[in-house]
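**Student:** need coordinates for the following:
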Amino acid sequence: MPSTSAMYPPCTQHATFAQENQVDNKSVHQPFIRDVVNPRPHLRLPLRYPDSDVSVCVACHRGDWRNYVENTLEAVESCIQMGADIVEVDVWRTSDGVLILMHDETLDRTTNGTGRVCDHTLAEVRALRLKDGLGNMTEFTVPTVEEALLLAKDRIIVNLDKADVYLDELYPLLVKTGMVEQTILKSEIPFDELCRRYSADVLNRVVFMPIVNVTDTTTYESIDRAFAANHDLYEVNFQREDADRMQYIRRLAKKSKAALWINTIWPTTCGGFSDDHALRDKDANWGYVVDHIGAGVMQTDRPAMLLAYLKERGSRSECVHKAEGDAVTATVTLPGSWGSRTSFAAL
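**Tutor:** Numbers count the residues shown, from 1 in each chain. Here you go, the predicted structure:
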């Protein structure tokens, strides 16, 4: 892999990427939004379920890890450059209280270190090298959450996974980096319980996405309770294909004007459908998720391929922006009908 310093400048420069490189805002990728007036409309999610048409957002699981290394600044930057809407990264805390990007509780799988993340200082973690998706050692190093937020600012939505237990430390960081409205937090813990643990005022300021896990024993009453909270976005995981519950959730989402976040990364989170199965039949997998489940956001391990597929089938919108004073008015061209290079290709 090429030198990271040659590919990208230090992360402190990423925050002002457009200004420093004299990039016109119109040339920066504009993910789907509905008609709004907002200072940063190109970063607004399709959070509210549209009445007639849909444009599917693409979320990159752990960044573009097939071409780079999971949970690195380079993997995030690649998602931005390919035109993805959202990048999902994972959060852990070092022994000296710094939030970093790391998926596992331990360092063993992803680095040349060993032991629990929480038993190491930031300096100790920084000294390690990361492994790629095949387990090979690379020159990439572990970034902090703050560095990732600064890199993403005004360029891509960030979904912070495993972050609900760090909300007290994370929220001030979101404020500091100006990323409160550009970051999605999620949890399997019920929202009212989170409000008891943390500040309800803080939770109501962030974009919060409940996680709804659907199994054979999931009752319709429990699904009703989850959607009664009336959030803008719900992550729904289906253990197996369950047409009745899928359609029930789709109707609830449409009624409450919420978007459904569907994970195609594994068959066990998407009713048997997945990215890898889509390599053989895209329509039967990704197409099914759009047409029959009604996904508003699809989290994938193959973002470039999914983006191309959605564009080809007319499931990506075009945004046109017009400046009006300090704000920007965004108008959206939607598809006609609702519903409507990997380095490690062997993985």
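**Student:** wait, what's in contact with Glu70?
**Tutor:** For Glu70, the contact set (Cβ atoms under 8 Å, 6 or more residues apart in numbering) comprises Arg62, Gly63, His103, Thr110, Gly133. Any C-beta I mention is one placed from the backbone N, CA and C, and that applies to glycine too.
**Student:** surely it is within a helix?
**Tutor:** No. Under DSSP: H, G, I helix; E, B strand; the rest coil, Glu70 sits outside any helix and is assigned coil.
**Student:** gap between it and Ala295?
**Tutor:** Distance, Glu70 to Ala295, by Cβ to Cβ, to the nearest Å: 23 Å.
**Student:** could you dump the contacts of Glu70 to CSV with secondary structure, distance to Thr219 and pLDDT?
**Tutor:** Shown next, in CSV, are these (DSSP: H, G, I helix; E, B strand; the rest coil; distance: Cβ to Cβ, whole Å; pLDDT from 0 to 100):
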residue, secondary structure, distance to Thr219, pLDDT
Arg62, coil, 32, 98
Gly63, coil, 36, 98
His103, coil, 31, 98
Thr110, coil, 38, 98
Gly133, coil, 38, 92
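**Student:** tell me the SS of Arg155?
**Tutor:** Judged by three-state DSSP, the three-state class of Arg155 is coil.
**Student:** doesn't Gln81 make contact with it?
**Tutor:** No. Contact criterion Cβ atoms under 8 Å: Arg155 and Gln81 do not qualify, at 9.7 Å.
**Student:** more neighbours, these two?
**Tutor:** Taking neighbours as other Cβ atoms under 10 Å, Arg155 and Gln81 compare with Arg155 leading, 22 against 12.
**Student:** please identify the helix or strand for the nearest residue to that one once chain neighbours are set aside.
**Tutor:** Among residues not flanking Arg155 along the chain, Ile80 sits closest, at 5.1 Å (Cβ to Cβ, 6 or more residues apart in numbering). Under the criterion of DSSP states H and E, Ile80 resides in helix 73-82.
**Student:** direction included, what does the helix or strand just after that helix pair up with?
**Tutor:** From helix 73-82 onward toward the C-terminus, using DSSP H and E, the following helix or strand is strand 86-93. Strand 86-93 pairs in its sheet with strand 57-61 (parallel), strand 99-101 (antiparallel), strand 157-161 (parallel), by DSSP bridges.
**Student:** pLDDT value on Asp291, please?
**Tutor:** Note for Asp291: predicted pLDDT of 93.
**Student:** next one: it from Ala75, what distance?
**Tutor:** Asp291 sits 30 Å away from Ala75, going by Cβ to Cβ.
**Student:** now swap in Leu310 and tell me
**Tutor:** Using Cβ to Cβ, we find Leu310 at a distance of 21 Å from Ala75.
**Student:** who has more neighbours, these two?
**Tutor:** Ala75 (24 against 21).
**Student:** give the contact list for the more buried one.
**Tutor:** With the criterion set at Cβ under 8 Å, 6+ apart, Ala75 makes contact with Cys60, Arg62, Gly63, Asp64, Trp65, Asn67, Tyr68, Val69, Val87.
**Student:** winner for burial among the strands paired with strand 86-93?
**Tutor:** Compared across the strands paired with strand 86-93, strand 57-61 shows the largest average neighbour count, a mean of 27 (mean count of other Cβ atoms under 10 Å).
**Student:** keeping just the C-alphas, turn that one into CSV.
**Tutor:** Extracted in CSV, the C-alpha atoms of strand 57-61 (Å, rounded to 0.1, in the frame of the first residue of the first chain):
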residue,chain,number,x,y,z
CYS,A,57,-28.3,6.1,1.3
VAL,A,58,-25.2,4.0,1.4
ALA,A,59,-23.4,3.4,4.7
CYS,A,60,-19.9,2.0,4.7
HIS,A,61,-19.3,-0.6,7.4
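**Student:** sort out which residues of the helix holding Ile80 are buried, please.
**Tutor:** By neighbour count on 16 or more other Cβ atoms under 10 Å, the buried set for helix 73-82 is Leu73, Glu74, Ala75, Val76, Glu77, Ser78, Cys79, Ile80, Met82.
**Student:** take the residues you listed and write them to JSON lines, including pLDDT.
**Tutor:** What follows is the buried residues of helix 73-82, written out as JSON lines (pLDDT from 0 to 100):
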{"residue": "Leu73", "pLDDT": "97"}
{"residue": "Glu74", "pLDDT": "97"}
{"residue": "Ala75", "pLDDT": "97"}
{"residue": "Val76", "pLDDT": "97"}
{"residue": "Glu77", "pLDDT": "96"}
{"residue": "Ser78", "pLDDT": "96"}
{"residue": "Cys79", "pLDDT": "96"}
{"residue": "Ile80", "pLDDT": "95"}
{"residue": "Met82", "pLDDT": "94"}
